[in-house]
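In: From the sequence below, what's the structure:
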Amino acid sequence: MAKSEIKSGANIGSASLILIFIVLCLGTFGLLSLTSARNDLDLAERNAEAVSGFYQADSQGEAFRMQVDTALQDALQENPEDPEAGLTARLGEAYHAKEQSAWMEIPMNSGQALAVKIGISWKDGRGRTRIRQWNVYNREEYEIDQAMPVWSGEPKSGEP
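Out: Residues are numbered from 1 along each chain as shown. Modelled structure (predicted):
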């Protein structure tokens, strides 16, 4: 009678090795996709916050512009020859008589602000306003950290 040999080791063929490699690759690509999607979501949320902050400041700027228009018209009705006193009373520190303008700084996120400057003129009892400045600028100075602990090739103190 012929003896049958029983092998107790695991027979892993080339097809099984390829299958294991494919599963590992798919798992790695899946994790990379999830990480990339999470980073994209974070970026989109930060972008939405910045855009929302800008439009809130922009709407406050528009309200300020309407306030200046209303103050000018009211001051002209009160004193058509010299509305300057009425503008000072209605706009307070925002009105700058020397420049004939009203100025406002509206804070935003990330140390930025919206600067709104409205030029004011009146001739023949007619008042006009004109936007002289409407821009976003950085209120806070920031420094980018350029320090990078790179080995210069010199041995550290105490090393041979």
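In: Using CSV, write out the CA atom coordinates for the helix or strand bottoming out on mean pLDDT in the chain.
Out: Among the secondary structure pieces of the chain, namely its helices and strands, helix 84-91 has the lowest mean (mean pLDDT, DSSP states H and E), a mean of 88. Presented in CSV, the C-alpha positions along helix 84-91 are these (Å, rounded to 0.1, in the frame of the first residue of the first chain):
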residue,chain,number,x,y,z
GLU,A,84,-21.0,120.1,8.7
ALA,A,85,-22.3,120.7,12.2
GLY,A,86,-25.2,118.3,11.6
LEU,A,87,-22.9,115.7,10.2
THR,A,88,-20.6,115.9,13.2
ALA,A,89,-23.6,115.6,15.5
ARG,A,90,-25.1,112.6,13.7
LEU,A,91,-21.9,110.7,12.8
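In: how many neighbours does residue 73 have?
Out: 16 (other CB atoms under 10 Å). Bear in mind the C-beta positions are built from the backbone N, C-alpha and C, glycine included.
In: Likewise for the one 5 residues further on?
Out: Counted with other CB under 10 Å, the neighbours of residue 78 add up to 13.
In: same thing with residue 116?
Out: Other residues within reach of residue 116, judged by other CB under 10 Å, total 24.
In: One more: residue 72?
Out: Around residue 72 sit 25 other residues, with neighbours defined as other CB under 10 Å.
In: check contacts around it.
Out: By CB atoms under 8 Å, 6 or more residues apart in numbering, the contact list for residue 72 reads 83, 87, 120, 122, 127, 129.
In: closest to residue 109 among these?
Out: Comparing the contacts of residue 72 against residue 109 with CB to CB places residue 129 closest, at 28.0 Å.
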